[in-house]
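Asker: with the input below, show me the fold.
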Amino acid sequence: MTKTLFIQDKLEWNAYVSKAAEYDFGHTWHYHMLDTSGTPLLFIYENNDGFIGLPLIKRPIPDSAYFDLTSVYGFTGPISSFAMHCVPESLMSEFKSAFIRFLDDGKFITVFSRLHPVFQQTNILQQFGGLYDNGLSVVIDLSIDNDVRRKNYRDTSYHRIKQAWKKGFTVKEEKGPMAVATFSSIYLENMELVGASASYMFNEEYISKLIDTDEYDARILTVYDGDTAIASTVITFTNGIIEAYLVGTRNDYRKHSPAKLLVDEICVLGNKLGMKYYNLGGGLGFKQDSLFSWKASFSDLFLPYSTWRYIANPTAYNALLDERGIDKNSDLDFFPLYRSACMNEQAHVK
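Answerer: This is a model prediction of the structure:
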């Protein structure tokens, strides 16, 4: 049995997510409701054994009769009633056949999905082809005792945390409009400093909606130097996983690295709440750059991060490239290539 759920199908969408053996906040109805780039949908294939679902965003392809599918900002990929490493071969095979029919009937040319580093989702998607190894994500194991975990910190990071303690910096969990305004002010100041693109400029309205849900636990934590807010983060707690969603530091306090104190305090909180992992993500474009090194100073647990870049209709795909004068053999890390001229519609890795 196949079905496609849309935003109006909130209860059924949530029912499937809650029945999944492994999922994160990026799979929820609420998070997809926030996306304005296209039409959110959840494709489901189900038999007597169980189900496989795949949340996606449907988008029309400009100047054509076709569509493509992408994923929301962050980590998603398929969900199932089975843990990813336990999905029966028969269910995976039937899902593949059903999904290919769905793509053909819907005139979908390509599918792009950012996979979750904690889940073994490639087990389901490898039968299609189109899997790409994008790099590594830094993950902290929260089952480890706090004192033992801190011994795994790089000396420079632990020194910064100790300095923050000595300076009297404090971390507060805050709620309400003022907490959102404080976070947004710090975050946007940070994004402007690094020259981030418009797609990363999340405003107060978006943050307010993001945290206003009972489908996952989203919190704002802020570091204070006395009465001055100097760093802040939005994190999510879902099904045993903490996600470092957004974080920012006041420019005047960057030299003190208060975000390192945030990471440590979040680990302590996660350990207390019985969470399994704190996913910090990777470097810019998931390269092993200075950002990756900063994150790796807290943990040596690196998990592979993959994307799924599937071409469902190669003939139509190549025709679109020809029409737009794009070399199909380009080494540009961008998918689908026919959208590469529209940089504001980026579909490459987060």
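Asker: check contacts around the residue nearest the centre of the chain.
Answerer: Centroid-nearest residue in the chain: Gly74, 1.8 Å away (criterion: C-alpha atoms, centre = their mean). Counting by C-beta atoms under 8 Å, 6 or more residues apart in numbering, Gly74 makes contact with 26, 31, 114, 243, 245, 350. Every C-beta, even on glycine, is put in place using the N, C-alpha and C of the backbone.
Asker: mark which of those are part of strands, please.
Answerer: Of these, the ones assigned to strands by DSSP state E are 114, 243, 245.
Asker: ok, and the closest non-adjacent residue to the second one?
Answerer: Leaving out its chain neighbours, the residue that sits closest to Glu243 by C-beta to C-beta, 6 or more residues apart in numbering is Thr236, at 4.6 Å.
Asker: show me which residues of the regular element (helix or strand) spanning that neighbour are buried.
Answerer: In this assignment (DSSP states H and E), Thr236 forms part of strand 228-238. Buried positions in strand 228-238, judged by neighbour count with 16 or more other C-beta atoms under 10 Å: 229-238.
Asker: from these, pick the one nearest Phe6.
Answerer: Using C-beta to C-beta, Thr238 comes nearest to Phe6 of the buried residues of strand 228-238, at 22.1 Å.
Asker: do you know how far that closest one is from His27?
Answerer: Using C-beta to C-beta, to the nearest Å, Thr238 is found at 9 Å from His27.
Asker: over to Val268?
Answerer: Taking C-beta to C-beta, one finds Val268 at 27 Å from His27.
Asker: which one of the two is surrounded by more residues?
Answerer: Higher neighbour count among Val268 and His27: His27, with 30 against 15, using other C-beta atoms under 10 Å.
Asker: just to check, the more buried one is in contact with Leu56?
Answerer: No: with contact defined as C-beta atoms under 8 Å, His27 does not count as touching Leu56 (11.0 Å).
Asker: all helices for this structure, in order.
Answerer: 10-19, 29-33, 89-105, 122-125, 146-151, 155-167, 177-194, 204-211, 258-272, 290-296, 314-323 (DSSP state H).
Asker: which residues touch the closest residue to Gly283 other than its chain neighbours?
Answerer: Leaving aside its sequence neighbours, Gly283 sits nearest to Phe292 (C-beta to C-beta, 6+ apart; 3.3 Å). By C-beta under 8 Å, 6+ apart, the residues touching Phe292 are 135-136, 138, 282-283, 286.
Asker: over to Arg250: give its phi and psi.
Answerer: As for Arg250, its main-chain torsions (degrees, to the nearest 10) stand at phi -60, psi 140.
Asker: any idea how far it lies from Gly176?
Answerer: Where Gly176 is concerned, Arg250 sits at a distance of 21 Å (C-beta to C-beta).
Asker: likewise Asp24?
Answerer: Distance from Asp24 to Gly176, by C-beta to C-beta: 25 Å.
Asker: tabulate the helices of the chain (a markdown table), appending mean pLDDT.
Answerer: Formatted as a markdown table, the helices of the chain follow (pLDDT from 0 to 100):
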| stretch | mean pLDDT |
| --- | --- |
| helix 10-19 | 98 |
| helix 29-33 | 98 |
| helix 89-105 | 98 |
| helix 122-125 | 97 |
| helix 146-151 | 94 |
| helix 155-167 | 96 |
| helix 177-194 | 93 |
| helix 204-211 | 96 |
| helix 258-272 | 97 |
| helix 290-296 | 92 |
| helix 314-323 | 96 |
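Asker: dump those into JSON lines; add distance to Asp217 as well.
Answerer: Compiled in JSON lines, the helices of the chain are given as follows (distance: least, C-beta to C-beta, whole Å):
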{"stretch": "helix 10-19", "distance to Asp217": "14"}
{"stretch": "helix 29-33", "distance to Asp217": "12"}
{"stretch": "helix 89-105", "distance to Asp217": "30"}
{"stretch": "helix 122-125", "distance to Asp217": "27"}
{"stretch": "helix 146-151", "distance to Asp217": "20"}
{"stretch": "helix 155-167", "distance to Asp217": "24"}
{"stretch": "helix 177-194", "distance to Asp217": "15"}
{"stretch": "helix 204-211", "distance to Asp217": "9"}
{"stretch": "helix 258-272", "distance to Asp217": "11"}
{"stretch": "helix 290-296", "distance to Asp217": "22"}
{"stretch": "helix 314-323", "distance to Asp217": "40"}
